[in-house]
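>>> fold the stuff below for me.
(chains A and B)
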Amino acid sequence: MNNSIAQTNANLAPTGGQKFRQRVLPIIVLAIIVAVIPLFGPSRTVYALLSVMGINIVFALSYNMLLGRGGLLSFGHAVYFGLGGYAAMHAMRAIEHADGGFWASYPVFGLPIIGFAGGALAGAIIGWPSCRRAGTPFAMISLGVAELIAAAGFMFNSIFGGEEGISGDRMNGPELFGLSMGPVSDVYWFIAFWLVVGVAGMYAFTRTPLGKMSEATRDNPERVEFVGYDPQRVRYLVFIFAGAFAGLAGGMAGVYFEIFTPEAVSLVPSGFVLLMAYIGGITYFAGPIIGAIVLTYMQSMLSDFTEAWLLYLGVLFMLIVMYAPRGLSGILFGLTGAIGNGSFGEVAGKWAMQLLGAILVFLGLMTLIEVSVRWSNGFGETFEPFGMHLNFGNPLTWVLITVPLALGIYFLRRANRETEEVLA
Amino acid sequence: MSTPALSIQGLKKNFGPAEIIRGVDLDIAPGERHAIIGPNGAGKSTLFNLISGGYQPTAGSVRLNGQEIGGVKPYAINRMGLSRSFQVSNIFANMTVRENVRCGVLYSMGYGYSFWRNVGNLKEVQAKTAEILDSVGLLDKSHLPAALLPYADQRTLEIAITIAGGADVILLDEPTAGMSHSETERAVALIKKATEGKTLIIVEHDMGVVFGMADRISVLVYGEIIATGKPEEIRGDPKVREAYLGDEADEHAEGGAA
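Residues are numbered from 1 along each chain as shown, chains lettered A, B, ... in the order given. Alright, predicted model coming up:
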């Protein structure tokens, strides 16, 4: 009897090989990727971009502990990123001015631990009142707290440093792993290390009883109560961890930028982290990683091409919400999954149509945005792709806006209708 | 007489001016299968919510194995050994069947809010989960997302989660609602097997299920229990016939005799 149960148990749980491939291998691959990148001799710009990506990945994943895994929509997650970062900045100054004692022997490399602790403490204090409720009240409270802390950021100068913020110098204290922390390549290793630690830590969290009950509480808080768990307590503990990992990202950012200003706790980064997680896809663990990479890239590169890049970000967000609610990772995993099980041929047509529709919508909107921005600037500039002179007086402009837009929407709707027919 | 598994004394519940439960007294012995029947709106679900901690009683007391549980939070009551199912399937829709049952197992195995353990490595949790899935016959569907299960299987999963924590007092709220005849038969067999040796309190509309399973039956009408007794006593009780059962009971009495 006992033996047969052990047998079924063995069949139910994934095999050791499956576990390794699904759970351990991706982390190892990540570690190898970040370790291999410096071999290609990246430029300073690339190092800078990668470092910011690393910070944003940890930040976006910590946000998804709330939104994707816990079903808690927060509008103020930058508060924990910022408070963790400020804790790290103050520690960095303590290291700089240390005259023996604890801080004199504390390496700058370990500052994200201070950020982690700071974020956890902030989460534990702020989460206490805000995790009593889920849903809309939670979202509203998070917004209120974000406003509160953002306002406090400009009031308490000894903590937040006023408009100038708190700055420090990372080249102090004992060196760890032979890194002086001076050049960006040294800082890259520091970011890479904490990126892998953060990703592995947050992935491990999803595998714990608390992580599982967080998903259960998201799905059905009522039922959670009747299997012996207090949903408030589950939310509260998850909130502390999400704050802690956001603080870890803040600590990484503190060391990287060597300055923290009150803008870091404002609503702007809180909104940006929501976009990173959602555009990447909140239903997959890897979603926020993809979102952070794409949005960080857009933020630093697209802004060179067009001053209206934020409008493109908004369009991307809206398209994702409407047509791909599982985000970029949902598209990616859907694609690889279909190739994997051989059904690619059946769905390829639909996807091609969706892609075509999305590109056409994008072209129409791009024309509208670029012409509008130049018109609104009032410098008499015109949008001149391929030698065309597009302004609002030119009928061609309106054709290039409306025709691709209409066709694109038509294709998107048709592709969606086909999906419904297939499902029915 | 030993302490009743569940003892309800003078229980009342008002919602504003509306008196839904108007003084219920009921003792249920350990190991008893007790059915609560009554017309729609009699307060059966409210009574269940009062017992399981969903609502605060306005007056009166509810004791589980002698301990007061009136007004105690649902999770605390659950930890004391009382578990309930729901009238509408109340499962974790985005999780697999196995994960659903595992959620029901975790707390009772002492893994409360722990964040330093890997659920995949908890051997006894896996074994218990497999055992429960096996006993309710969902083992072959254990990797399906719960939302994709057919209705009857969702109801079965609901029962599986309810018994997973090893509670010794089980409340089932209309476990066979919406099932076909053959599905109902299977569900009844499953409930009998799964609640072996436990105290069972069941709300049910299907009189076949009620009379076939219950040791005793209570009839709840307008927030009051008008009769409690063995199935044959209830069947013969003129008050019950008048208030509720009507033709249905006659039919059943004849059917039972035949």
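
>>> buried sites along the longest helix seen in chain A?
Longest among the helix segments of chain A by residue count, using DSSP state H, is helix A:344-377. For helix A:344-377, a neighbour-count test (16 or more other C-beta atoms under 10 Å in any protein chain shown) marks A:347, A:353-354, A:357-358, A:360-371, A:374-375 as buried. For every residue, glycine as well, the C-beta is placed using N, CA and C.

>>> off-centre distance for it?
24 Å (C-alpha atoms, centre = their mean, to the nearest Å).

>>> so what does residue 15 have for phi and psi?
Defaulting to chain A. Main-chain dihedrals, residue A:15, degrees, to the nearest 10: phi -70, psi 170.

>>> my bad, chain B
Taking degrees, to the nearest 10 as the convention, residue B:15 sits at phi -110, psi 100.

>>> okay, and the beta partners of it?
Here residue B:15 sits in beta bridges with residue B:18, as judged by DSSP bridges.

>>> what score does it have for pLDDT?
With respect to pLDDT, residue B:15 has a value of 88.

>>> relative to residue A:316, how far out is the closest residue to residue A:312 other than its chain neighbours?
Leaving out its chain neighbours, the residue that sits closest to residue A:312 by C-beta to C-beta, 6 or more residues apart in numbering or on different chains is residue A:302, at 6.6 Å. Residue A:302 sits 10 Å away from residue A:316, going by C-beta to C-beta, to the nearest Å.

>>> does residue A:404 touch residue A:356 like I think?
No - in this structure, residue A:404 is not within contact of residue A:356 by C-beta atoms under 8 Å, at 10.4 Å.

>>> about what we covered before: what's the longest helix of chain A packed up against?
Contact analysis of helix A:344-377 by 3 or more C-beta pairs under 8 Å, 6 or more residues apart in numbering or on different chains; DSSP states H and E lists helix A:309-323, helix A:327-340, helix A:395-423 as its packing neighbours.

>>> adding mean pLDDT and mean neighbour count, write the ones you listed out as TSV.
Supplementary listing: the helices and strands packed on helix A:344-377 in TSV, determined by pLDDT from 0 to 100; neighbours: other C-beta atoms under 10 Å in any protein chain shown:
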stretch	mean pLDDT	mean neighbour count
helix A:309-323	85	15
helix A:327-340	84	16
helix A:395-423	78	15
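
>>> quick one: closest of these to residue B:27.
helix A:395-423 (52.3 Å; C-beta to C-beta).

>>> elements contacting that closest one?
Under the contact criterion of 3+ C-beta pairs under 8 Å, 6+ apart, helix A:395-423 touches helix A:344-377.

>>> with adjacent residues omitted, what lies nearest to the residue in chain A that chain B sits nearest to?
The minimum distance from chain A to chain B, using C-beta to the nearest C-beta, falls at residue A:228 (3.4 Å). In this structure, residue A:228 finds its nearest non-sequential neighbour in residue B:107, 3.4 Å apart by C-beta to C-beta, 6+ apart.

>>> could you report the pLDDT at residue B:191?
89.

>>> in the helix or strand hosting it, what counts as buried?
Using DSSP states H and E, the element containing residue B:191 is helix B:181-194. Neighbour counts over helix B:181-194 (16+ other C-beta under 10 Å) mark B:183-184, B:187-188, B:190-191, B:194 as buried.

>>> pick the one among those closest to chain A.
residue B:194 (15.8 Å).

>>> give me the number of residues near the nearest residue to residue B:188 once chain neighbours are set aside?
Closest residue to residue B:188 apart from its sequence neighbours, by C-beta to C-beta, 6+ apart: residue B:209 at 5.6 Å. Residues near residue B:209, counting by other C-beta atoms under 10 Å in any protein chain shown, number 21.
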